[in-house]
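Chemist: No letters, just coordinates:
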């Protein structure tokens, strides 16, 4: 039985449900909109833990989300990563990057305090994203 | 027609060919063995650029490689990432992480000068990896 890790839950807002994954928006990611995809399956840590059918669903949903995030954010590049060093429950980061962002071309600093979402901006961004999905 | 980006070529050693991807070993990654998967298709930048059949092959090969890297390195966690901010040609990083490595639990510093491979250690590591693949 799948239960969302409470650290992922408290660090992000729910946005949308795809067939396999919860799509969530990281808090304080207004400058670089940052999504999390969390497969709703228990006990997943590494990519090779996924059943083949879920593995294919995961990459299909990552592709849906990278395309939608590009459309909704007009970003220059998408960064995709599955680390899980702190929270082992499998979650895939999908992040909008801009050539003008302060960390470009390096990876975004995951521990830097980000830029808070204004409620209206967040709702409008999520509406554009869901439209694009 | 696919040609490997010269920056990826010079930054890594060829290890193995899977059906879709070249598997390469990053130079100077002896402390945290670091593989690159490069799909042999032209003009791929984002995950949504992949044809569905190639997308499924890519995630299957990532799963093969994460399992083999875990077996060959006895690492604690695998990190998987597709950035492409500097070299846009699609390449997926698959990195062995240890709870004792200096960056844990943060992401590995991609720009830090790494630890050089001794030729014999590299050959023995690659042999174990190919066996596990």
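Modeler: The structure has been received and is ready for your questions. Quick caveat, the model's predicted, so the values are computed rather than measured.

Chemist: end to end, how far does stretch A:27-45 reach?
Modeler: Terminal residues of stretch A:27-45 are spaced 23 Å apart (CA to CA, to the nearest Å).

Chemist: Over to stretch A:30-37?
Modeler: 18 Å.

Chemist: wait, does that stretch contact chain B?
Modeler: No - Stretch A:30-37 is not in contact with chain B by CB under 8 Å from any CB of the partner chain; minimum separation 11.3 Å. Using the backbone N, CA and C atoms, a C-beta is placed for each residue, glycine as well.

Chemist: and chain A, which residues reach chain B?
Modeler: A:45-48, A:50, A:52, A:55-56, A:58-60, A:62-64, A:66-67, A:70, A:77-86, A:88, A:97, A:104-107, A:110-111.

Chemist: Can you list which of the residues you listed are found in strands?
Modeler: Judged by DSSP state E, the subset of the residues of chain A next to chain B located in strands is A:77-82, A:97.

Chemist: May I see the residues you listed organised as TSV, with neighbour count, pLDDT and distance to residue B:17 added?
Modeler: Converted to TSV, those look like this (neighbours: other CB atoms under 10 Å in any protein chain shown; pLDDT from 0 to 100; distance: CB to CB, whole Å):
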residue	neighbour count	pLDDT	distance to residue B:17
A:77	20	98	27
A:78	24	98	27
A:79	20	97	26
A:80	23	98	23
A:81	20	96	25
A:82	21	97	24
A:97	23	96	30
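
Chemist: mind giving me JSON lines with the residues you listed and columns for distance to residue A:29?
Modeler: Formatted as JSON lines, these follow (distance: CB to CB, whole Å):
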{"residue": "A:77", "distance to residue A:29": "16"}
{"residue": "A:78", "distance to residue A:29": "14"}
{"residue": "A:79", "distance to residue A:29": "12"}
{"residue": "A:80", "distance to residue A:29": "15"}
{"residue": "A:81", "distance to residue A:29": "14"}
{"residue": "A:82", "distance to residue A:29": "17"}
{"residue": "A:97", "distance to residue A:29": "12"}
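
Chemist: tell me the angle the top helix by length along chain A makes with strand A:77-82.
Modeler: The residue-count maximum for a helix in chain A (DSSP state H) belongs to helix A:52-73. Per axes from the mean of the first three to the mean of the last three CA atoms, to 10 degrees, the angle that helix A:52-73 makes with strand A:77-82 is 150 degrees.

Chemist: And helix A:52-73, what does it pack against?
Modeler: strand A:21-26, strand A:34-39, strand A:77-82, strand A:92-97, helix A:119-132, helix B:52-73 (3 or more CB pairs under 8 Å, 6 or more residues apart in numbering or on different chains; DSSP states H and E).

Chemist: quick one, which of the ones you listed is nearest to residue B:18?
Modeler: With CB to CB as the measure, helix B:52-73 is the member of the helices and strands packed on helix A:52-73 nearest residue B:18 (4.7 Å).

Chemist: Identify all contacting residues around the closest one.
Modeler: The contact list for helix B:52-73 (CB atoms under 8 Å, 6 or more residues apart in numbering or on different chains) reads A:46-48, A:50, A:52, A:55-56, A:58-60, A:63, B:18-21, B:23, B:33, B:35, B:37, B:39, B:41, B:47, B:50, B:75, B:78, B:80, B:92, B:94, B:96, B:125, B:128-129, B:131-133.
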